[in-house]
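Peer 1: Need a 3D model of the sequence below.
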Amino acid sequence: MNRRASVLREMGLAPLWRLRDAPAAAEYTPPAQQHAAAAGVSEAADVAAAPVREPVGVPAAAARPAVMPTASPLVAPAPARVATDGLGWDELEAAIGACRACPLHERRTMAVPGVGDRAADWLFVGEGPGAEEDLRGEPFVGQAGKLLDAMLAAIGLVRGRNVYIANAVKCRPPGNRTPQAVEMTTCQPYLERQIELIQPRIIVALGRPAAQTLLGGEVKINAARGRLFDRAGIPVVVTYHPAYLLRSPQDKAKAWEDLCFARAALAPR
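Peer 2: Sure thing, here's the model as predicted:
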């Protein structure tokens, strides 16, 4: 079996709160004691007419039922803006490694800027580093990375040769969860500067978070597949993340179609 057939087989083909003004304690008047005006009034009436006493040691206002506060809507804090203008590759990677702009830095082992050919035609963008990437400082080095390498080989590409691989966020989200919107927004200038430096001829978004970061809006993978998007003059193709394909191997054939579509869309220079 030749290498191409092996690769295709690997692919599976072949609140803020404000209390209302409470009435002052002095304004509170317990029910007036009712006295029987005539003989024959029942003992129950006497009990009901007994004075209301405040609990010992508790101020009168505190003893009454609390007024429910009115909630004001919470406003999410604006994400920090990191400065990347004019940074070269070495300065950019140093800035990523030293970044403290969002809480993701608190648990990381290493930041993961990206890897590959800095003058590549192809840019592949995932969502964020996993556990193994966090330890090694390189994107896509686990099982998802092996599958990505097979995907690249299926269209005649090799990691590090005319290919650059990056992520929407550069630090591992806890538990490998999906990056939050504020985290992707905070980290976005780093990816934008990478795109400016690489000047790729085509970008492949691997998964929904990467697609939404690159295209600036809500994206559904199934609806976005097979379409050519434009990002500042650079074509963008959307496909599945390799980690998803490991869980859903029946969609590997669709990913193969997306890569073939991207290759066909790559206009010759």
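Peer 1: give me the number of residues near D230?
Peer 2: Other residues lying near D230 total 9 when counted by other Cβ atoms under 10 Å. All C-beta spots, glycine's among them, are computed from the backbone N, C-alpha and C.
Peer 1: before we move on, what about C187?
Peer 2: 27.
Peer 1: For it, give me its contacts.
Peer 2: Contact partners of C187, counting by Cβ atoms under 8 Å, 6 or more residues apart in numbering, are 82, 99, 101-102, 168-171, 179.
Peer 1: where does the stretch 1-150 of the chain have low pLDDT?
Peer 2: Per-residue confidence for the stretch 1-150 of the chain (pLDDT under 70) gives these ranges: 1-80.
Peer 1: quick revisit: closest to T109 out of the contacts of C187?
Peer 2: C171 (9.3 Å; Cβ to Cβ).
Peer 1: Doesn't the closest one lie inside a helix?
Peer 2: No. Counting by DSSP: H, G, I helix; E, B strand; the rest coil, C171 is not found in a helix; it is coil.
Peer 1: I figured it hits E133, correct?
Peer 2: No. Contact status for C171 versus E133: not in contact, 10.0 Å apart, counting by Cβ atoms under 8 Å.
Peer 1: These two: which is more packed in?
Peer 2: C171 (28 against 25).
Peer 1: Distance of the nearest residue to that one once chain neighbours are set aside relative to L246?
Peer 2: With Cβ to Cβ, 6 or more residues apart in numbering as the criterion, C171 has its nearest non-adjacent residue at 3.9 Å, and that residue is L104. Relative to L246, L104 is positioned 23 Å away (Cβ to Cβ, to the nearest Å).
Peer 1: Looking at the two, which is more packed in?
Peer 2: Shown here are L104 and L246; by other Cβ under 10 Å, L104 has more neighbours (23 against 14).
Peer 1: That one reaches P173, doesn't it?
Peer 2: Yes. With contact defined as Cβ under 8 Å, L104 reaches P173; the gap is 6.3 Å.
Peer 1: coming back round to it: overlap in contacts of C171 and E133?
Peer 2: In contact with both C171 and E133: V112, using Cβ under 8 Å, 6+ apart.
Peer 1: CA atoms only: put the helix ranked longest in the chain into CSV for me.
Peer 2: Scanning the chain for the longest helix, with DSSP state H as the assignment, gives helix 181-198. In CSV, the C-alpha atoms belonging to helix 181-198 read as follows (Å, rounded to 0.1, in the frame of the first residue of the first chain):
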residue,chain,number,x,y,z
ALA,A,181,-15.7,34.6,24.3
VAL,A,182,-13.7,37.1,26.5
GLU,A,183,-10.6,34.8,26.4
MET,A,184,-10.7,34.6,22.6
THR,A,185,-11.3,38.4,22.3
THR,A,186,-8.4,39.1,24.6
CYS,A,187,-6.1,36.8,22.7
GLN,A,188,-7.2,37.8,19.2
PRO,A,189,-4.6,40.5,18.6
TYR,A,190,-1.9,37.9,18.8
LEU,A,191,-3.5,35.8,16.1
GLU,A,192,-4.2,38.9,14.0
ARG,A,193,-0.5,39.9,14.2
GLN,A,194,0.5,36.3,13.2
ILE,A,195,-1.7,36.6,10.1
GLU,A,196,-0.2,40.0,9.2
LEU,A,197,3.3,38.5,9.5
ILE,A,198,2.6,35.3,7.6
